[in-house]
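Chemist: Quick check, what structure comes out for this input:
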Amino acid sequence: MDMKLKIPYKLEVTCSNCNLLKKCMPLGLNNYELTRIDELVSQRIRVKRGHDLSRLKNGQQSLYIIRTGYFKTVISTNDGRDQVLGFHMAGDSIGLAGELSELYSCQVIALEDSTVCIVPFSNVEEIANSVKGLHSHIRHLYSLEINRENSVMLFLGSMNSEERVATFLLKLSASHEERGFSPIDLNLKMSRYDIASYLGLKHETVSRTLAKFIKSKLIILNLRELKILNLVALNSIATDKH
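Modeler: Predicted structure coming up:
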């Protein structure tokens, strides 16, 4: 079966009416600029759970913006292991990861059935003069992506296992709140193995740390449904202020 399906525009919310517009595009656009923004997306596709978004490249340089769903970026190491570099949710852009896939065996795997907007750079160039700040905003999206991918290095430095897991949960909480979701009720789309790989820890260490947080009444965890009970305490652990 095909891993992608083009979504007819008449069945899909346009950019100008999308609730993620403020995250994807420049702020303060007038009505004319909003009309031009709708011309940016060449197509919207569905990516099935477990499939690799980076395989959809057709030779055209494009920016991929997640409309719905969740992805993980995975890179193959020299010794044959898979290392999770990051997680991406609705509103996040993916561009560099797709380009790196050709050089570093990087994959962008859907963790659930997802939809993605494809913005060809040729479209950006075509309407940039009509939309104030579009070029600088696209550069900003790239900068955010680089920061996301590089942030994993923080976990591989001087942080111990509890600090890494606490920081991961806080970042996840902040990402949910930024999108208008609850900052304390989290649905872990990724597996414990994915979390362990991302944090540079063993799977058993992540499970043991989560169990300790549960015992300390910092979180409640039922399968993948996680509820944060004490954000202040998690922040204290993450910043090593015990």
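
Chemist: can we go C-alpha only for contacts and neighbour counts from here?
Modeler: OK.

Chemist: count of neighbours near residue 128?
Modeler: 18 (other Cα atoms under 10 Å).

Chemist: swap that for residue 188, sorry
Modeler: Neighbour count for residue 188, taken as other Cα under 10 Å: 15.

Chemist: Report the separation between the nearest residue to it once chain neighbours are set aside and residue 205.
Modeler: Nearest non-adjacent residue to residue 188, counting by Cα to Cα, 6 or more residues apart in numbering: residue 224, 4.9 Å away. Distance, residue 224 to residue 205, by Cα to Cα, to the nearest Å: 17 Å.

Chemist: For residue 83, give its distance to residue 192.
Modeler: Taken as Cα to Cα, the span from residue 83 to residue 192 is 13 Å.

Chemist: should've said residue 113
Modeler: Distance from residue 113 to residue 192, counting by Cα to Cα: 19 Å.

Chemist: quick one: which of these two has more around it?
Modeler: residue 192 (18 against 15).

Chemist: any idea how far the more buried one is from residue 201?
Modeler: 10 Å.

Chemist: wait, doesn't residue 227 sit right on residue 213?
Modeler: No. Judged on Cα atoms under 8 Å, residue 227 makes no contact with residue 213 at a distance of 11.2 Å.

Chemist: Pull up the overlap in contacts between the two.
Modeler: Listed as contacting both residue 227 and residue 213 by Cα atoms under 8 Å, 6 or more residues apart in numbering are residue 219.

Chemist: Between these two, which is the more surrounded one?
Modeler: More crowded of residue 227 and residue 213, by other Cα under 10 Å: residue 213, with 22 against 19.

Chemist: going on from the host helix or strand of the more buried one, what's the next piece of helix or strand?
Modeler: Element membership for residue 213, per DSSP states H and E: helix 203-215. Next in sequence after helix 203-215, counting helices and strands by DSSP H and E, comes strand 219-222.

Chemist: how distant is that following strand from the center of its chain?
Modeler: Mean-position distance between strand 219-222 and its chain equals 23 Å (Cα atoms, centre = their mean, to the nearest Å).

Chemist: Give the helix, strand or coil label for the most centrally placed residue in the chain.
Modeler: The residue lying closest to the centre of the chain (Cα atoms, centre = their mean) is residue 88, at 1.2 Å. Per DSSP: H, G, I helix; E, B strand; the rest coil, the secondary structure class of residue 88 is strand.

Chemist: which strands and helices sit next to the helix or strand where residue 65 lies?
Modeler: Using DSSP H and E, residue 65 maps to strand 62-68. Applying 3 or more Cα pairs under 8 Å, 6 or more residues apart in numbering; DSSP states H and E, we find strand 62-68 packed against strand 82-89, strand 93-94, strand 114-120.

Chemist: Nice, that's everything, thank you.
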